[in-house]
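J.: coords below, sequence missing:
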């Protein structure tokens with residue numbers, strides 16, 4: 001995705017980082033190649049195994065059985081890579097653009113949308129002395145970046161709570177929800193109920209104020225940790241993918257908060273909006289996953305870029321449609337008819353033929 005040179009990576013050179021990383025030996029390169037092969041990443045598997053062969057020679061490890069087996073696997077990997085070269089055109093273009101947005105993301109850059117910045121209070125007296133610093137980064141649909149959403153001490157405390165509670169999920173909702181999100185997300189996570197502690201209650205209340213929504217009609221606060229290589233593939237946050245059921249709660253809005261700076265990688269991207277949101281500590285991203293008529297908004301297709309160096313901590317609050325009819329009433333028109341729906345995006349990703 002980041003177009004890294006495999007020889008550089010195996011030699012401990014990653015992007016423009018000054019951090020010293022150990023050089024990988026022949027066995028470590030072979031293990032990486034084997035893991036990629038098992039995950040059907042045949043092209044990369046062949047490249048890593050070729051590096052391992054070079055390292056075996058450099059290290060004087062000329063065991064004929066190892067060399068012969070590695071060469072045979074390389075040939076199989078190359079054949080598979082050629083066979084899988086033809087893919088659905090729309091899916092290929094979207095995936096390529098997804099990768100381009102991640103490559104161009106600067107994790108330490110300053111977000112600049114050239115749209116509008118303003119202070120928001122929602123008429124709430126609690127926000128008069130500490131208004132929210134809002135930056136509109138997309139209007140259709142509405143995506144807002146909130147600067148300095150948390151204080152450093154609050155973010156650090158959430159990370160510490162996360163360290164004690166996060167686990168690798170067995171299964172979860174999300175994505176173009178036709179596959180198990182746990183298979184698409186390399187991360188650990190934890191759900192923290194509001195009654196866990198007074199501090200979590202405080203963060204819950206602050207999330208409600210920042211969105212002008214009610215945290216009672218929402219899911220528990222989520223904390224997620226992405227290690228090196230941790231990423232989340234293209235997906236939607238809405239739960240309903242079929243006919244709408246207005247009596248069942250769904251994720252109307254998402255509030256994503258970055259709890260630390262990431263040295264390289266970790267941005268959130270919206271490929272259909274040409275939008276990249278870098279991972280900046282204490283910054284928050286707010287967007288709506290549904291049109292006002294309740295239809296899931298296909299333009300909110302998004303992904304988490306892989307973490308290249310460091311680690312990434314985030315907290316997420318999903319707020320439901322039920323209970324917010326005053327704050328976000330249905331429009332007089334079916335606004336989804338003039339936009340892209342989740343179902344239409346699914347149709348684009350169907351295999352051709």
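T.: Great, that's in hand. Computed from a predicted model, the values in this text were never measured in an experiment.
J.: and stretch 258-276, what's buried?
T.: Residues of stretch 258-276 classed as buried by neighbour count (16 or more other C-beta atoms under 10 Å): 258-273, 275-276. For every residue, glycine as well, the C-beta is placed using N, CA and C.
J.: now residue 156, nearest residue through space, not along the chain?
T.: Leaving aside its sequence neighbours, residue 156 sits nearest to residue 259 (C-beta to C-beta, 6 or more residues apart in numbering; 7.9 Å).
J.: the helix or strand encompassing residue 146 pairs with which strands?
T.: Residue 146 is located in strand 142-147, with elements delineated by DSSP states H and E. Strand 142-147 pairs in its sheet with strand 132-139 (antiparallel), strand 284-288 (antiparallel), by DSSP bridges.
J.: that one: what's the following helix or strand?
T.: That would be, after strand 142-147 and using DSSP H and E, helix 152-165.
J.: what sits up against that next one?
T.: Helix 152-165 has contacts (C-beta atoms under 8 Å, 6 or more residues apart in numbering) with 150, 190, 192, 199-200, 203, 223-225, 257, 259-260, 281-282, 313, 315.
J.: any idea how far it is from the chain center?
T.: 20 Å (C-alpha atoms, centre = their mean, to the nearest Å).
J.: and for stretch 188-201?
T.: Centroid separation for stretch 188-201 versus its chain: 21 Å, with C-alpha atoms, centre = their mean.
J.: contacts for it, please.
T.: Residues outside stretch 188-201 that contact it (C-beta under 8 Å, 6+ apart) are 157, 161-162, 165-169, 172, 204, 215, 219-225.
J.: before we move on, the earlier item: contact partners for the residue nearest to residue 156?
T.: By C-beta under 8 Å, 6+ apart, the neighbours of residue 259 are 150, 155, 156, 158, 159, 162, 223, 281, 282, 313, 314, 315.
J.: for those residues, which one is nearest residue 32?
T.: Of all those, residue 32 sits closest to residue 313, with 25.5 Å by C-beta to C-beta.
J.: nearest to residue 55, of the strands paired with strand 142-147?
T.: It's strand 284-288; of those, that one is closest to residue 55 (C-beta to C-beta) at 41.9 Å.
J.: which of the strands paired with strand 142-147 has the lowest mean pLDDT?
T.: Among these, strand 132-139 carries the lowest mean pLDDT, at a mean of 93.
J.: got the buried residues for it?
T.: Per 16+ other C-beta under 10 Å, strand 132-139 contains these buried residues: 132, 134, 135, 137, 138.
J.: where does the stretch 1-150 of the chain have low pLDDT?
T.: For the stretch 1-150 of the chain, residues meeting the criterion pLDDT under 70 lie at 1-3, 15-20, 61-98, 105-114.
J.: could I get the full set of strands for the stretch 201-350 of the chain?
T.: 221-226, 232-235, 251-258, 264-265, 268-270, 275-277, 284-288, 302-304, 307-309, 312-320 (DSSP state E, counting those that start in this stretch).
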